[in-house]
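Asker: Next input, structure requested:
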Amino acid sequence: MTRNARQMKILELIAESEIETQEELVGALLRAGFEVTQATVSRDIKELGLVKVSIDGKRQHYTREKSDAAVVSKFTDLFRHSVLTIDYAMNIVVVKTLVGSGSVAGAMIDRMKNLSVLGCVAGDDTVFAVLRDENAAKEMAEALRRIAFN
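Answerer: You can find the predicted model right below:
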């Protein structure tokens with residue numbers, strides 16, 4: 001699986017559970033089907049700008065630093081490097097990506113918090129986003145193209 005897919009899975013894992021150590025993260029990635037080493041996870045943590053925060057004053061867990069512009073920049077770079085095409089038909093936006101990077105594009109659509117998006121489904125290399133109407137789909141496709149190709 002690709003680096004992009006692995007890093008997106010890391011972000012998903014730390015959002016869903018309190019991962020306290022790199023070893024726990026390696027284990028969770030292995031269970032999710034990613035063949036990784038502790039060194040790879042260490043690099044991913046650094047690239048994603050993850051930090052440890054206190055749970056109860058004693059234990060800590062990994063999280064994304066909310067105000068870290070580097071994390072936003074990294075995520076945008078992941079999106080730019082994974083998207084192949086962006087188009088729409090009627091009220092549906094279709095994003096084609098490199099294999100293993102559909103979740104990156106789906107997460108980008110979700111992060112935009114566009115109220116016209118009724119739902120988004122990400123596969124391995126394709127994302128479908130259903131919008132309220134054709135005009136909203138056209139605007140979303142244009143916004144995603146600006147991010148991906150400019």
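Asker: can you pull the buried residues of the helix ranked longest in the chain?
Answerer: Secondary structure of the chain per DSSP state H: the longest helix is helix 134-149. Using 16 or more other CB atoms under 10 Å as the test for burial, helix 134-149 gives 136-137, 139-141, 143-144, 148. Every C-beta, even on glycine, is put in place using the N, C-alpha and C of the backbone.
Asker: Report the mean per-residue pLDDT for it.
Answerer: Helix 134-149 shows a mean pLDDT of 95.
Asker: Return the list of helices and strands in contact with that helix.
Answerer: Contact here means 3 or more CB pairs under 8 Å, 6 or more residues apart in numbering; DSSP states H and E; on that basis helix 134-149 packs against helix 69-82, strand 83-89, strand 92-97, helix 102-111, strand 126-131.
Asker: In TSV, list those along with distance to Gln7 and mean pLDDT.
Answerer: Formatted as TSV, the helices and strands packed on helix 134-149 follow (distance: least, CB to CB, whole Å; pLDDT from 0 to 100):
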stretch	distance to Gln7	mean pLDDT
helix 69-82	7	78
strand 83-89	16	97
strand 92-97	14	97
helix 102-111	9	88
strand 126-131	17	97
